[in-house]
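>>> Sequence below, structure please.
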Amino acid sequence: MCPGGVPQGASLPGKQLYLFAERLSTAQMASNQLRLYFSALAYALVEALRRLALQGTEWANAQVDTLRLKLVKIGTLVRVSVRRVLLSMSSAYPWKHLFTHVFQMLRC
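This next block holds a predicted model:
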């Protein structure tokens, strides 16, 4: 334990906000730098998602890992036709109402 009662491994840079920025495992510096850029971009996108689409919902202050697992990483059936892309979610998807709300908020 550190002074103040905070566990030593509980800092934000230590967790890297669940965006896989801690995996800098390649030998080339350019590969590691690209991986960090992708993690920073993912963080910026999640913050924009919170600010634009999740404001006022129960997930407005959710952790990045929760948003990734429950809103982004879901199984859908994708059908592509000449004019549109159809996404079919399972009727048992528990956060369908929230996904629909986020989709409507992000539409142009």
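>>> So for the spatially most central residue of the chain, what pLDDT did the model give?
Per CA atoms, centre = their mean, the C-alpha nearest to the average position across the chain is that of residue 68, at 3.7 Å. Note for residue 68: predicted pLDDT of 84.
>>> I'd assumed residue 77 was in a strand, is it?
Yes: assessed with DSSP: H, G, I helix; E, B strand; the rest coil, residue 77 lies in a strand.
>>> I figured it hits residue 93, correct?
No: with contact defined as CB atoms under 8 Å, residue 77 does not reach residue 93; the gap is 11.9 Å. Using the backbone N, CA and C atoms, a C-beta is placed for each residue, glycine as well.
>>> Now the lengthiest helix in the chain: buried residues?
For the chain, the helix that runs over the most residues, judged by DSSP state H, is helix 29-52. Buried residues in helix 29-52, counted by 16 or more other CB atoms under 10 Å: 35, 39, 42, 43, 46, 49, 50.
>>> Looking at those, which one is closest to residue 104?
Taking CB to CB as the measure, residue 104 sits nearest to residue 49 out of the buried residues of helix 29-52, at 13.4 Å.
>>> OK, contacts around the closest one?
By CB atoms under 8 Å, 6 or more residues apart in numbering, the residues touching residue 49 are 67, 71, 102, 106.
>>> Show me how to select, in ChimeraX, the buried members of those.
Those of the contacts of residue 49 that count as buried under 16+ other CB under 10 Å are selected in ChimeraX with:
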select :67,71,102
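>>> Mark which of the contacts of residue 49 are part of helices, please.
Under the assignment DSSP H, the contacts of residue 49 contribute 67, 102, 106 to helices.
>>> From what I see, the second one and residue 72 are in contact.
To tie it back to what came earlier, the one meant is residue 102. No: between residue 102 and residue 72 there is no contact under CB under 8 Å: 10.0 Å.
>>> who has more neighbours, residue 77 and residue 93?
residue 93 (14 against 9; other CB atoms under 10 Å).
>>> contacting residues for the more buried one?
Residues in contact with residue 93 (CB under 8 Å, 6+ apart) are 74, 99.
>>> Let's see the pLDDT reported for the closest residue to residue 90 other than its chain neighbours.
Among residues not flanking residue 90 along the chain, residue 75 sits closest, at 6.9 Å (CB to CB, 6 or more residues apart in numbering). Per-residue confidence at residue 75 stands at 87 (pLDDT).
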